[in-house]
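Undergrad: this is a predicted model, with the sequence first.
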Amino acid sequence: MARPVVLSVEDKFRLVFSVISGEMSIAEAARRSKVSEQSIGNWKRQFLEGGKQGLADGGRPGSNPQVQRLEAEVEELKAALGEAHVELRVWKKSAEYRLGPTRPSR
């Protein structure tokens, strides 16, 4: 079985850019670079999701520093929202205890 072709990030970028700009089809890019159409498609997706760095990272989830920072921020916000929700529930319970049950509005 033949060894898979290993292309540099720059070569992948040139191929993907050619496909995106309409210079060549995915099939043509695959033939010229001696890789599968699936590889070209994967590189295109990686580039669209993570730019040139996405190609360098090989599309590994979370390998992009910006993605890591945003994921950490999402986790912080989830924790803050959870804490606020608990505080609101405690506040409502204490208000109900102090004021008695509320009557439904008409």
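TA: Now that the structure is in, tell me what you want to look at. Numbering: from 1, shown residues only.
Undergrad: mind naming the longest helix for this structure?
TA: helix 65-99 (DSSP state H).
Undergrad: list the buried residues in that helix.
TA: Under the neighbour-count criterion of 16 or more other Cβ atoms under 10 Å, helix 65-99 has residue 67 buried. Quick note: C-beta positions are derived from backbone N, CA and C, even for glycine.
Undergrad: got the domain boundaries for this protein?
TA: Taking automatic domain parsing as the domain assignment, the record places the domains of the chain at 1-61, 64-99.
Undergrad: I'd like the ones you listed as TSV, with mean pLDDT appended.
TA: Rendered in TSV, the data for the domains of the chain read as follows (pLDDT from 0 to 100):
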stretch	mean pLDDT
domain 1-61	86
domain 64-99	86
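Undergrad: I'd like to know which elements the helix or strand hosting residue 44 is packed against.
TA: Here residue 44 is covered by helix 37-57, with elements defined by DSSP states H and E. Packing partners of helix 37-57 (3 or more Cβ pairs under 8 Å, 6 or more residues apart in numbering; DSSP states H and E): helix 9-20, helix 26-33.
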